[in-house]
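Novice: everything below, folded, please.
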Amino acid sequence: MLEIGTKAPEFCNPNQDDVEICLRDLKGKWIVLYFYPKDNTPGCTNEACDFTASEDQFDDLDAVILGVSPDSPKKHRNFIEKQNLTITLLADEEKTLCEAYGVWQEKMNYGRKYMGVVRSTFIINPQGEIAAVWENVKVRQKKKVNGEPVEIKHADVVKQTLEELQK
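Specialist: Purely as a prediction, here's the structure:
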């Protein structure tokens, strides 16, 4: 996993429309780069919908949201249309971007080991450095605030952190 202050690994990956998106073309902007396992699964859908719902607020912070999974551009297009997403999704079918960011790891499910994406988020500053990192992200968590259960969305935590970084 990459550390805060290190240079973000370069990438050029196709988006849902098969248009190549490169880190070098986004220099000077804040980037929220989040990795997720698979399109059209419950947690991944919630995360993408949460980022879409707050995209205007990220725009106000001069930040670009990029979701990354090993799915193809065609699967991303289907996911976007089915869920009415407005964020950009990058295809990483070869897993080179996932490996560069350290999120392609051994996982275990029902006693079976396999390789997969560990849900993670990175904020990259305008200078191209890692400014914040979340690993093993829980898309939504219940927490008690003044004794009352409150749902905390990961997208909101990322936005709040971005606001703090820009102060």
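
Novice: report the buried residues of the helix or strand hosting Phe79.
Specialist: Using DSSP states H and E, Phe79 falls within helix 73-83. Neighbour-count burial for helix 73-83, counted by 16 or more other Cβ atoms under 10 Å, picks out 73, 75-77, 79-80, 83. No exception for glycine: its C-beta is placed from N, CA and C like everyone else's.

Novice: what mean pLDDT does the helix or strand that it is followed by get?
Specialist: Next helix or strand after helix 73-83 toward the C-terminus (DSSP H and E): strand 88-91. For strand 88-91, the mean pLDDT works out to 98.

Novice: export the following helix or strand past strand 88-91 to PDB, keeping only CA atoms.
Specialist: Helices and strands here follow DSSP H and E; after strand 88-91, the next one along the chain is helix 96-100. The C-alpha trace of helix 96-100 is given here as PDB (Å, rounded to 0.1, in the frame of the first residue of the first chain):
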ATOM      1  CA  THR A  96      -1.600  -3.300 -13.500                       C
ATOM      2  CA  LEU A  97      -3.100  -0.200 -11.800                       C
ATOM      3  CA  CYS A  98      -4.400  -2.300  -8.900                       C
ATOM      4  CA  GLU A  99      -0.900  -3.800  -8.500                       C
ATOM      5  CA  ALA A 100       0.800  -0.400  -8.700                       C
END
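
Novice: please name the nearest non-neighbouring residue to Val150.
Specialist: Nearest-residue entry for Val150: Lys143, 5.7 Å, with adjacent residues in sequence omitted and distances by Cβ to Cβ, 6 or more residues apart in numbering.

Novice: what lies in contact with the one helix or strand the one you found maps to?
Specialist: Using DSSP H and E, Lys143 sits in strand 140-145. Residues from elsewhere that reach strand 140-145, judged by Cβ atoms under 8 Å, 6 or more residues apart in numbering: 46, 50, 149-154.

Novice: select from those residues the one having the most neighbours.
Specialist: Counting neighbours by other Cβ atoms under 10 Å, His154 comes out on top of the contacts of strand 140-145 with 21 neighbours.

Novice: wait, it touches Val137, no?
Specialist: Yes: if you go by Cβ atoms under 8 Å, His154 and Val137 touch, sitting 5.4 Å apart.
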